[in-house]
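Asker: The amino acid sequence is not available; the structure is as follows:
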RNA sequence: CUUUGGAGCCAAGCGUUCGCUCCGUUGUUCUUUUUUAUCGGGGCGAAAGCCUCACGGAAUUUCGGAGAGGAAAGUCCGGACGUCAUAGGGCAGGAUUCCUCGCGAAAGCGAGGGCGUCUCGUUUCAAUGCGAGGCGACGGAUAGCGCCGCAGAAAAUAGGUAGCCUUUUUUGUUCCGCAAUUGCAGGACUUUGAAGGUCAUAGUGAAAAGGUGGGGUAAGAGCCCACCGCCGUUUCGAGUAAUCGAUCGGGCAUGGCAAGCCCAAUCCGACGCAAGACAAAAUAGGGGGCCGGGUUGCCCGCCCAUAAAGCUCCGGGUAUGUCGCGUCUCUUGAAAAAGGGGCCUGCGCUAAUGCACUCGAGAUAAAUGAACGCGUCUUCUAAAAGCUUCGGUUUUCAGAAGAACAGAAUCCGGCUUAUCGGCUCCAAAGCUAG
RNA sequence: AGCCUCGUGGUGUAAUGGUAGCACUAUGGAUUCUGGUUCCAUCUGUCGGGGUUCGAGUCCCUGCGAGGCUG
């Protein structure tokens, strides 16, 4: 299991209530590309062992093709960096219009900075272990 | 060969690594019950319950298969399908509109023809005729209502402002005749007013009440005539028809606008998959209103209900899952559902019925992606070489940028809009060579 | 996804098919020692395209934009 990075349906936020609560009471991080809200789940929820993400793109971002492209890029970024994220974290990303023009590398850099800013990085993980997994 | 136009087709390729959705398949683990409904088999047990196994479900895993469009878009039309306790009638509302034929379930599309209009060429003094091309939401303006600003005399059953003409009145000039300084009578011109005739003429306007020519008249006028135009339930002929031609009649009545209201003909029940169905959860039945409620916006009619319920508003609560989600049929099954086959498309074989391959998305905070590499095309920049009529042009190499419009959401048929390019065919024009 | 409504100066809002107005704002000037108030003048517009009509803000078609409703 540890040799691959999957993105299961259990790792995605699918309820409107989750979006509302995280957006209302989560910790915000804002930049020109997106706004990130994060919240650490309580320890009672033992079934969920992984971080969850939900991506929201309104119609102001662009047409359907552009919205889907940005959402796919953020899913890919989350998938490839999920081992570094606190497992009890719930993340909601609201995409803003300039993200359509941004490249994949820019989005990845901003996302990692947002993780560090909100304190969502996993403490026990080391960079050497990450390199071993990718190899 | 180039350019333009039309029609049709495609929607940039390959490889590696990782990833997503669905289906089938191989294992593993958990679950098989709390609520609702009578609900699998076996064992223990008085019962509650416990253990175990199958079907099923969930998570994960092996292998294999499939996975956005010509417009998926806009939601402009038409259907399928579902619901409304039937869908009947009338009114209202909406859609369509030259004729014929073809395709289609319908919308719509295509071909041909007719008519109108515009442009060009040609003919004619001109009107007009002929030819080519473009455009046309192209039924009806003698069914009715309404509107036609400004300008202009007048804008719609014609009327009469100026002007013209006749009669009469007044003023003046002049001519002629008679008597002879002056007067009388008459004619012509002019001026003022009145009555009448008339609309050819009018610095307008989008449009001026048939046009041109001639006769006629006091002046004029379809008042009359010729030609052209117009109208007609005249007749004849051609054509399936729209319509056209000839003839006869009518002196002309009938301005334009129906993408103003409207009239005629034909058609349309309403709402839309967030339609709706099932299951579960929550509320534990609060307060106000209607006595009826539903069926189409309204009326009739119909259906349900008759004092309990129903409907509606406010407040509170829940806002989750499955189906609907190609379609038909067969089998299994009580049902739900599952499985198989056909329908569709392309190609091959057979004389044919047929046979074989393929049968292509069902996501639901919404799946097709990310990274790297190779090659192709276009543009730009820089360099080298060849040809040159010194304007340029061709080839090679390097670098950079770009490779469209755009993402299924119940499905299908059209319409419209967006779109980098590539290929094939047809037509026209130009250039070069034979 | 389905359905509905609306686009007029910078803003708000009028206009039976017949010269596109009103108020606020902005700019300039006058008044004042200065500012405000007041007065005068100016600027700025029918969402784009096509059609019907003599003539479209209005009527019709089509696109664009904005807003809303339906669980």
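Answerer: Noted; the coordinates are in hand. Not measured: the values here are computed from a predicted model.
Asker: any weak-confidence spans in chain A?
Answerer: Across chain A, the ranges flagged by pLDDT under 70 are A:1-6, A:9, A:14-17, A:42-49, A:122-135.
Asker: Do a quick rundown of the helices in it.
Answerer: Taking DSSP state H as the test, the helices found in chain A are A:16-25, A:64-80, A:104-118, A:127-134.
Asker: Pipe these into CSV and attach distance to RNA strand B and mean neighbour count per row.
Answerer: Quick note: C-beta positions are derived from backbone N, CA and C, even for glycine. Converted to CSV, these look like this (distance: least, Cβ to the nearest atom of the strand, whole Å; neighbours: other Cβ atoms under 10 Å):
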stretch, distance to RNA strand B, mean neighbour count
helix A:16-25, 4, 13
helix A:64-80, 4, 16
helix A:104-118, 4, 16
helix A:127-134, 9, 10
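Asker: mind checking how far residue A:56 is from residue A:104?
Answerer: 19 Å (Cβ to Cβ, to the nearest Å).
Asker: Next: residue A:10.
Answerer: The gap separating residue A:10 from residue A:104 is 25 Å, by Cβ to Cβ.
Asker: again, but for residue A:92
Answerer: Counting by Cβ to Cβ, the gap between residue A:92 and residue A:104 amounts to 21 Å.
Asker: before we move on, what about residue A:75?
Answerer: Counting by Cβ to Cβ, the gap from residue A:75 to residue A:104 is 12 Å.
Asker: In contact with residue A:121, which residues?
Answerer: Residues in contact with residue A:121, defined by Cβ atoms under 8 Å, 6 or more residues apart in numbering, are A:84-86, A:115.
Asker: Next: residue A:114.
Answerer: A:29, A:31, A:34, A:36.
Asker: Tell me the bridge partners for the third one.
Answerer: Beta bridges link residue A:34 to residue A:95 when assigned by DSSP bridges.
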